[in-house]
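Novice: sharing a sequence plus its predicted fold:
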Amino acid sequence: MRNAPNDLRGKRAVVTGAASGIGLGIARRMAEAGASVIATDIDARRLSDELARGSYGPVATVHPLDVADIAAVHSVFARIAADGGIDIAVNNAGLAQGADLLATTAQMWHRMMAVNATGCFFCMQAAARAMIAAGGGRIVNISSHSATLGSAGRSAYAATKGAVNAMTRVAAVELACHGIRVNAIAPGPVETPHSNLSHSPERRAAWLKAMPVARYALAEEIGDIAVFLASPAADHITGQILAVDGGYSIAGLRESPKNIS
């Protein structure tokens, strides 16, 4: 008998970028759903602090990891797999630097591509190898609304997240025969320490005006969707990019014109 929808008891979930923000919210929700969480992040101190706070649940381990280091990715994921397997992999680790096309430096481009695209790819690869050996699993990648919209100042970041969408779809096709489902979540604005620091009152007001559901998401709400996609309830869903953005990406004209001709 399979687990009830959204019940992840008995599953081992790797969450990258889990020391803060969206990744921390996802890890908390995975733990609340019963999964044994393996949290990774480049910030070892924050990982240890959140582990001590119990953020990752009663049965958790942490591994410092820079996902841009491909050798480290394979080493850490192999260690995790050897310790008990990988049932769920959430590839959340990411880097966002805003700059206009003409102001984007080579350093910015290469670092964002290394973390957001290359890191996601090789984490998927490492997780998939472990899942194939175990007979299946769930991969959830964290994309962005920027992947499909022409937001100013986002050319390099958007390119990395467009790559995440593309590799999600291809991986879903290639891995379905192994019992692995691959999907992505594309958040809009989320209440995180990063957005609290970087979003000016004017930018926040612009976001709220643009979204039919006029508020930022909570990191735990992104976690709820990740739990759903990792659960038996989503067994027939694969290759999808699920927007969790308060309707921002589908909103057209917000005010009804007085005369429609």
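Specialist: Thanks, I have it.
Novice: the closest residue to Ile241 other than its chain neighbours sits in which helix or strand?
Specialist: In space, and not counting its chain neighbours, Ile241 is closest to Ala184: 4.8 Å by C-beta to C-beta, 6 or more residues apart in numbering. The C-beta positions use only the backbone N, C-alpha and C, and glycine is treated the same way. With the criterion set as DSSP states H and E, the secondary-structure element containing Ala184 is strand 180-187.
Novice: elements contacting that strand?
Specialist: Using 3 or more C-beta pairs under 8 Å, 6 or more residues apart in numbering; DSSP states H and E as the contact test, the elements touching strand 180-187 are helix 119-134, strand 137-142, helix 155-175, helix 219-230, strand 241-244.
Novice: give me that answer again for 10 Å
Specialist: helix 21-32, strand 88-91, helix 119-134, strand 137-142, helix 155-175, helix 219-230, strand 241-244 (3 or more C-beta pairs under 10 Å, 6 or more residues apart in numbering; DSSP states H and E).
Novice: can you give the strand pairings for the helix or strand following that strand, parallel or anti for each?
Specialist: Elements were assigned by DSSP H and E; along the chain past strand 180-187, the next helix or strand is strand 190-191. In the sheet containing strand 190-191, its partner strands are strand 217-218 (parallel), by DSSP bridges.
Novice: contacts for the partner strand, please.
Specialist: The list of residues contacting strand 217-218 from outside it, by C-beta atoms under 10 Å, 6 or more residues apart in numbering, reads 22, 25, 187-192, 211, 224-225, 244-246.
Novice: now it: how far from the chain's centre is it?
Specialist: Distance, stretch centre to chain centre, for strand 217-218: 14 Å (C-alpha atoms, centre = their mean, to the nearest Å).
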